[in-house]
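Undergrad: What would the 3D arrangement of this be:
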Amino acid sequence: MEQGTQGSDRTEIPDRPAGAVRVPPQLRAADVDRERYAAPGAVRGEHTHGEPSPPPPRPAVQRSSVRGQILDALRTALVAGELRPGEVYSAPALGERFGVSATPVREAMQQLALEGAVEVVPNRGFRVLERGARELAELAEVRALIEVPVMLRLARTVPAERWADLRPLADATVRAASSGCRATYAEADRAFHRALLTLAGNEQLVQVAEDLHRRAQWPLAGGTGARGRADLMADAAEHTALLDALVVRDLDAVRSLVGEHFAGAV
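TA: As a prediction, this is how the structure comes out:
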């Protein structure tokens, strides 16, 4: 259990840069207003038959929704560099920052621990794991082993008009790259690749590839290898080139573009 927001072992998230994603304000209401929706009988221990029926308790999905929004916000903070590798963050401190209790933050952090983004530090909180270039290279290799054969199969079987449907997603990555915001581009990048792989009709493949892709987007320790606007623009341009190759079923170009695309993300 982490300590509260007091104490020297708590690290605050640094001031958010302009454009950083913020958790919607309704999170606070969703987290603290449950008592308002509790049935009167649960408080008084009785209910008068002449009274109107009490409103039902708030569905459990609300709690899950808060946790999911916090998880998304933490993932964005990781990619944006707001949660720095090697630093320890306490759930109460993060909860205060997001305007919620420590519980959904702690649950979201546990999920990030399962994904390999953070590790639990007893009595303190969660440390963002430090990663090196070798890990990114390994992730790129695994992604290529999984996705290149799939792309080649899709290139042989998917009609050209289906690839045309993905143009808006490729264009969205270009716009996101032009903003220079790593978090914005990371989201658009994943959406494009997810749409491509979805055409294979294998949901397990999509989930595995998405996990690898997300992990490949986390920053390196010390900020080394950080990708600037020019790098993001070059990466986005490869999406358009890949679609062009898929439309004309140029298998050699597809194989080369996908392999280089993953290698360039390192």
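Undergrad: element containing residue 95, please.
TA: Taking DSSP states H and E as the definition, one finds residue 95 inside helix 91-98.
Undergrad: Count the neighbours of the residue nearest to residue 139 when sequence neighbours are not counted for me.
TA: On the basis of C-beta to C-beta, 6 or more residues apart in numbering, the spatially nearest residue to residue 139 that is not a chain neighbour turns out to be residue 216, at 4.5 Å. In short, each C-beta sits where N, CA and C put it, glycine included. Other residues near residue 216 come to 22 when the count uses other C-beta atoms under 10 Å.
Undergrad: again, but for residue 89
TA: The number of residues near residue 89, taken as other C-beta under 10 Å, comes to 26.
Undergrad: wouldn't residue 263 be in contact with residue 140 here?
TA: Yes: with the criterion set as C-beta atoms under 8 Å, residue 263 and residue 140 qualify as a contacting pair; they are 5.6 Å apart.
Undergrad: more neighbours, these two?
TA: Neighbour comparison, residue 263 and residue 140: the larger count goes to residue 140, with 19 against 14 (by other C-beta under 10 Å).
Undergrad: Which strand or helix spans the residue nearest to that one when sequence neighbours are not counted?
TA: Spatial nearest neighbour of residue 140, excluding adjacent residues (C-beta to C-beta, 6+ apart): residue 262 at 4.2 Å. Secondary-structure element containing residue 262, defined by DSSP H and E: helix 251-264.
Undergrad: contacting residues around residue 85?
TA: Under the criterion of C-beta atoms under 8 Å, 6 or more residues apart in numbering, the contact partners of residue 85 comprise 128, 129, 130, 131, 219, 220, 221, 222.
Undergrad: Which two of those residues have the greatest separation?
TA: Spanning the widest gap among these are 129 and 222, at 13.1 Å by C-beta to C-beta.
Undergrad: Neighbour count: those two, which is higher?
TA: Residue environment comparison for residue 129 versus residue 222 gives the larger neighbour count to residue 129, 16 against 12, counting by other C-beta under 10 Å.
Undergrad: per-residue confidence at the closest residue to residue 158 other than its chain neighbours?
TA: Taking C-beta to C-beta, 6+ apart as the measure, residue 158 lies nearest to residue 199, with 5.7 Å between them; neighbours along the chain are not counted. Per-residue confidence at residue 199 stands at 96 (pLDDT).
Undergrad: my guess is residue 199 contacts residue 155, does it?
TA: No: counting by C-beta under 8 Å, residue 199 sits too far from residue 155 to count as a contact (10.5 Å).
Undergrad: who's in contact with residue 170?
TA: Contact partners of residue 170, counting by C-beta under 8 Å, 6+ apart, are 192, 236, 239, 240, 243.
Undergrad: Buried ones from these, can you make that a ChimeraX selection?
TA: Those of the contacts of residue 170 that meet the burial criterion (16 or more other C-beta atoms under 10 Å) are gathered into one ChimeraX selection, given here:
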select :192,236,239,243
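Undergrad: Show me the shaky parts of the stretch 151-266 of the chain.
TA: 222-227, 264-266 (pLDDT under 70).
Undergrad: Now do the phi/psi pair for residue 88.
TA: phi -110, psi 130 (degrees, to the nearest 10).
Undergrad: Pull the number of nearby residues for it.
TA: When neighbours are counted by other C-beta under 10 Å, residue 88 comes out with 17.
Undergrad: So what sits opposite it in the bridge?
TA: Residue 88 has the following beta-bridge partners by DSSP bridges: residue 127.
Undergrad: Surely it touches residue 126?
TA: Yes: counting by C-beta under 8 Å, residue 88 does reach residue 126; the two are 6.8 Å apart.
Undergrad: From the contacts of residue 170, which land in helices?
TA: With helices identified by DSSP state H, the entries of the contacts of residue 170 that belong to them are 192, 236, 239, 240, 243.
Undergrad: OK, contacts around the second one?
TA: Right, the one you point to is residue 236. By C-beta under 8 Å, 6+ apart, the neighbours of residue 236 are 170, 173, 174, 176, 177, 185, 189.
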